[in-house]
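1. coordinates for the following, if possible.
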Amino acid sequence: MSEPDIAALDANDPLGAIRDRFVLPEKLIYLDGNSLGPAPKAAFDDFKQVIEEEWAQGLIGSWNSAGWFESPKALGDRLGSLIGAAPGQSIVCDTTSINIFKAVNAALGLNKERRVIVSELDSFPTDLYMLHGLDVELRLLGRDGDNLANLIDNDVAVVLLSHVNYRTGALFDMASINNLAHQAGALIVWDLCHSAGILPIELDKTQTDFAVGCTYKYLNAGPGAPAFIYVAERHIRAARQPLSGWWGHARPFAFEPGFDAHPGIEKFLCGSQPIISMAGVESGLDALEGVSIEAVREKSLTLTDLFISLCEPLCQEYGLVLETPGDTQRGSQVSFTFEHGFAVIRAMCDRGVIGDFREPDLMRFGFAPLFLRYADVTRAVEILEDCLKEKVWKNPAYTTRPAVT
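-> Sure thing, here's the model as predicted:
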């Protein structure tokens, strides 16, 4: 790309004012929004209201008066508008792992004559862990073949894939893969953890069957915030999920000994949901209010294009290897493999640029357009280059792994 005018890009950024909706430590360049988004400023008042008013004063009455009981579905419908889902098909609840377990088991139940699941060796590990113990044959892209078309046949019940690869940032074509799965009679479950809130998604339009995702990355709901699950309306009545908790009962306050599933998306709930954390989801969604997801995607591609182009000389001089697609078939992160990647990331953090590292040698940089500036990108590359020049991996302080990397 030609040499960009960084000052002009920032001055004319249609999303520039959105940065003020977030708390960002001074002089910090945060390139890890793909792992944990920053706190929306409004979240503090929202949490305070839930804790000091609804809980402390309203006590148990707030399940009704503050709308606690309805919040999973109300938030699900709001979130659904960001992922192309009509109301009544999405619900905020539990964790991504738990929702994967629910979605895969529900899909298997709708395809009872088949016992093959297709997934990807390079999936985020929890996706594969949640398949352990199932009486199925598992076919993995990258282990059992390098082409989904060759793995998906008439024996496949379910295809479970991450929309955006958590390591490389590569983006799957949702519409074409849905079509491929459906032509073979399989159902599709998408993991949207690295795409929800960062790029346009059309679950209904692409005839997606099930989807899950978290809210603490690009949706900025806070650490450990509850996840979400989407079930296409055409499947909700017949689908059965294995974690039949009381909130998923058709009449939860009848306290009947037998389980009668709710006829709606509520059947995918389990037990009482984390109401305080739910407030973070609402704050995160509020921070996206009035923002065009198309504008977010456009800026995301421009930010990542800029970063890739500025890093090209570093690849040539120091041996970094770009693992992220250079075209638009990527999410909003850029990843490089480098032998001393862990030390470089640690040193960059000490110098005010927060990226992250994935074993064995992957440096990962996430670009969240709601708060990142183009000047942040150029400064981040300068600091990356300084760390490479100084060979920071020779400093023992940067080679010790903490519990969370």
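2. could you list the low-pLDDT ranges of the chain?
-> The model of the chain has pLDDT under 70 over residues 1-2.
3. what about the longest strand in it?
-> Identified as the longest strand of the chain according to DSSP state E is strand 156-162.
4. gap between that one and the chain center?
-> 18 Å (C-alpha atoms, centre = their mean, to the nearest Å).
5. what helices or strands is it leaning on?
-> helix 96-110, strand 116-120, helix 174-183, strand 187-191 (3 or more C-beta pairs under 8 Å, 6 or more residues apart in numbering; DSSP states H and E). (C-beta placed from N, C-alpha, C; glycine too.)
6. in its sheet, what does the last one sit against?
-> Strand 187-191 has the following strand partners under DSSP bridges: strand 156-162 (parallel), strand 210-213 (parallel).
7. distance check, residue 60 against residue 68.
-> Going from residue 60 to residue 68 by C-beta to C-beta, to the nearest Å gives 10 Å.
8. same question for residue 385.
-> 50 Å.
9. right, and the helices and strands packed on strand 156-162 - which one's nearest residue 167?
-> Residue 167 sits nearest to strand 116-120 of all these, at 10.6 Å, using C-beta to C-beta.
10. and the contacts of the closest one?
-> Contact with strand 116-120 is made by 104, 108, 127-128, 131, 134, 136-142, 148, 151-152, 155-162, 165, 186, as judged by C-beta atoms under 8 Å, 6 or more residues apart in numbering.
11. now which of these would you call buried?
-> With burial judged by 16 or more other C-beta atoms under 10 Å, the buried subset of the contacts of strand 116-120 is 104, 108, 127-128, 131, 139-141, 148, 151-152, 156-162, 165, 186.
12. measure the closest residue to residue 13 other than its chain neighbours to residue 293 for me?
-> What sits nearest to residue 13 in space, not counting adjacent residues and going by C-beta to C-beta, 6 or more residues apart in numbering, is residue 299, at 7.0 Å. Residue 299 is 11 Å from residue 293, where distance means C-beta to C-beta.
13. can you map out the strands along the protein?
-> 29-30, 90-92, 116-120, 137-141, 156-162, 187-191, 210-213, 228-231, 321-322, 333-337, 353-354, 356-358, 362-366.
14. how many residues are close by the residue nearest to residue 91 when sequence neighbours are not counted?
-> Excluding the flanking residues, the one nearest residue 91 by C-beta to C-beta, 6+ apart is residue 76, at 3.8 Å. Around residue 76 there are 24 other residues, counting by other C-beta atoms under 10 Å.
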